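K.L.:
predicted model and sequence below, questions to follow.
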Amino acid sequence: MRRPLAAALLAAAGLLAAASLMPPPAHAQAQAAAAVDPEVDKRIRKVLAERLPNLPRIDEIRATPIAGLYELRIGSDLVYGDASGQYLVQGQIIETANRRNLTEERINKLTAIDFASLPLKDAIVWKTGTGKRRIAVFSDPNCGYCKRFEAELSKAKDLTVYTFLMPILSEDSAAKSKAIWCAKDSTASWRGWMLDGMNPAKAAADCANPIERNLELGRKLKVNGTPAIVFEDGSRVPGMVPAAELERRLAEVAKGG
């Protein structure tokens, strides 16, 4: 769940509850940005700074397709407000004609990951068939949904999987991650544990490993849970998806959206 901004708004405005936004499940075209009158931009920032002094800094203000409603971007989070700064709205904008979720599309663009920049040397690699399609997965060895997703991945055709071990659940997760990485065959150790419950050998867990780098990478990319899936076009999906849904998304990526 995307909770940091909601928590900040609660503290700033003294509200009892607020909606949160989920990262988008697929890539799509972002809504077109319209120019914002500099005076409107200035007024919104001034009023909100005076009334909600604990509100995080607004990075960008954009017009939305709805007259009089403006998008306020804070990092990769979005809220909406009117030109007077009197109202803030948390939620999603849906274009009903085409059933487009404009909020998801915009967040998708803001949170896109440059696949080419990922340090793939720090990932466990395996493939099916030709391996011509690629995904990266952030995974914890003690994550039940990660194990379910690993089984679904076995059904995919012509796929290369880069798994970044990101132990966030427990100390045992970190110990298992190091043991898996340091095994003679890290891929076999990983797959053996995730699919068949074969414990990795602890004796090998003292080698140089990328676990801390992976944790830092996850923090940098705002990966807040496992599994987290990254596609070659930069789009991401939080959580486990079944093989059919994975195939659909891979096909979309191959078509370029």
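P.N.:
All right, it came through fine.

K.L.:
what about the strands in the stretch 101-250 of the chain?
P.N.:
Counting by DSSP state E, counting those that start in this stretch, the stretch 101-250 of the chain has these strands, from start to end: 124-128, 133-139, 159-165, 228-231, 236-238.

K.L.:
direction included, what does the last one pair up with?
P.N.:
When pairs are called by DSSP bridges, strand 236-238 turns out to pair with strand 228-231 (antiparallel).

K.L.:
ok, now the second one?
P.N.:
Next to strand 133-139 in the sheet, as set by DSSP bridges, lie strand 159-165 (parallel), strand 228-231 (antiparallel).

K.L.:
hmm, who's touching that strand?
P.N.:
115, 118, 120, 123, 146, 149-150, 153, 156, 158-166, 214, 218, 223, 226-232, 250, 253-254 (C-beta atoms under 8 Å, 6 or more residues apart in numbering). In this view, the C-beta of every residue, glycine as well, is placed from N, C-alpha and C.

K.L.:
just to revisit the earlier point, can you lay out the strands paired with strand 133-139 as a markdown table showing mean neighbour count, distance to R45 and mean pLDDT?
P.N.:
Output for those, formatted as a markdown table (neighbours: other C-beta atoms under 10 Å; distance: least, C-beta to C-beta, whole Å; pLDDT from 0 to 100):
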| stretch | mean neighbour count | distance to R45 | mean pLDDT |
| --- | --- | --- | --- |
| strand 159-165 | 24 | 38 | 98 |
| strand 228-231 | 23 | 33 | 96 |
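
K.L.:
distance to A49 added to these, as JSON lines?
P.N.:
Supplementary listing: these in JSON lines, determined by distance: least, C-beta to C-beta, whole Å:
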{"stretch": "strand 159-165", "distance to A49": "39"}
{"stretch": "strand 228-231", "distance to A49": "34"}
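
K.L.:
out of the strands of the stretch 101-250 of the chain, nearest to S186?
P.N.:
Of all the strands of the stretch 101-250 of the chain, strand 124-128 sits nearest to S186, with 5.2 Å by C-beta to C-beta.

K.L.:
just the CA atoms of the closest one, as CSV, please.
P.N.:
C-alpha atoms of strand 124-128 as CSV (Å, rounded to 0.1, in the frame of the first residue of the first chain):
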residue,chain,number,x,y,z
ILE,A,124,20.0,-14.8,-9.4
VAL,A,125,19.3,-15.7,-13.0
TRP,A,126,17.3,-18.5,-14.7
LYS,A,127,15.3,-18.8,-17.9
THR,A,128,12.8,-20.9,-19.8
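
K.L.:
still on that earlier bit, distance to K109 added to the strands of the stretch 101-250 of the chain, as CSV?
P.N.:
As requested, those are arranged in CSV below (distance: least, C-beta to C-beta, whole Å):
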stretch, distance to K109
strand 124-128, 28
strand 133-139, 19
strand 159-165, 23
strand 228-231, 14
strand 236-238, 12
